[in-house]
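Visitor: just the structure for this:
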Amino acid sequence: MKFGISTSSFYPALTEDAADAIARARVPAAEVFLNAPSELEEEYLRRLKERLDAGGTEVLSVHPFTCALEPLLLFSGYSRRFEDGVQYYRRFFRAAELLGARYFIFHGDRKNAATPDSFYFERFAALDAAAREYGVRVAQENVARCRAGSAAFLREMKETLPDAAFVLDLKQARRAGEDWREILSALGENVRHIHLSGCGEEGDCLPLTRGNFELREFLTALRAAGFDGGLMLELYRENYGGYEELFESVAIAEKVCAEL
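Guide: Numbering: from 1, shown residues only. Purely as a prediction, here's the structure:
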């Protein structure tokens, strides 16, 4: 397992400034959240990778700023918009390729969409096929406000697309009223990436320095499921104080993992 931090945890700090903070702390891995169209330019991405390389930080995944547009771009009945949407997303796949990332994080359609599940799975498979041309996989995240927020939908998706990759986001599972254990049981080894956070009386998205999240139980369950991917701490800026809480959280996770 590799532990790291999403640059989104520093938002609204600029992506390169977040990368600098991660690299200075010698964090082993990162997820890069690209926040603007200009951040898809190849020269920008090469400079960003150099900053992370300087700290020995490996980029495992890329997250797009366009996730809120995915219902419109990729899941409408207008075929040309879908085709254009896939072409636009190729820019993100190329970004992931340049950064050395394996996974592209995907939210997908809205929860109340009227189209059949089969339509969703066909569109996802087409997008993933485009990503594979860049050596990247589209990884479906369990987002509470989205169609893939429920364990039942995720289970059906895996049954339909046995090779699909998934992201298990702990805070999103909590917000959807889903038990991470059920999601992990449904998806098994298809869980390739984790968005990590703690929880407790202060909230459902906390650094691991606070709260009462059973981290040892979670990591033990992941290992039993054959997971050997990345666990990215992903918080919102209001969820923690100083950056040191992020870095301490990574150290805590690494220590608990080493003791298993």
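
Visitor: quick one: Ala68 and Ile5, what's the gap?
Guide: Per CB to CB, to the nearest Å, Ala68 is found 22 Å from Ile5. The C-beta positions use only the backbone N, C-alpha and C, and glycine is treated the same way.

Visitor: so between these two, which is more surrounded?
Guide: A side-by-side neighbour count of Ala68 and Ile5, using other CB atoms under 10 Å, places Ile5 first with 28 against 12.

Visitor: tell me the phi and psi of the more buried one?
Guide: Torsion angles at Ile5 (phi, psi; degrees, to the nearest 10) stand at phi -140, psi 140.

Visitor: over to the one 3 residues further on?
Guide: Main-chain torsions, Ser8, degrees, to the nearest 10: phi -60, psi -20.

Visitor: cool, Arg102 as well?
Guide: Given degrees, to the nearest 10, the pair of backbone angles that Arg102 has is phi -90, psi -30.

Visitor: against Val59, how distant is it?
Guide: Distance from Arg102 to Val59, counting by CB to CB: 9 Å.

Visitor: more neighbours, the two?
Guide: Val59 (27 against 20).

Visitor: partner strands of the helix or strand harbouring the more buried one, parallel or antiparallel?
Guide: Per DSSP states H and E: Val59 is located in strand 58-64. Looking at strand 58-64 with DSSP bridges, its partner strands are strand 29-34 (parallel), strand 103-106 (parallel).

Visitor: columns mean neighbour count on top of those strands, output as TSV?
Guide: Compiled in TSV, these are given as follows (neighbours: other CB atoms under 10 Å):
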stretch	mean neighbour count
strand 29-34	25
strand 103-106	26
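
Visitor: so for Leu233, which of these sits nearest?
Guide: Distance to Leu233, taken as CB to CB, is lowest for strand 29-34 among the strands paired with strand 58-64, at 9.1 Å.

Visitor: strands of the protein, start to end?
Guide: In the chain, the segments counted as strands under DSSP state E are 2-6, 29-34, 58-64, 103-106, 137-141, 165-169, 191-196, 198-200, 203-206, 230-233.

Visitor: name the strands paired with the last one and say parallel or antiparallel.
Guide: It stands for strand 230-233. Assessed with DSSP bridges, strand 230-233 is paired to strand 2-6 (parallel), strand 191-196 (parallel).
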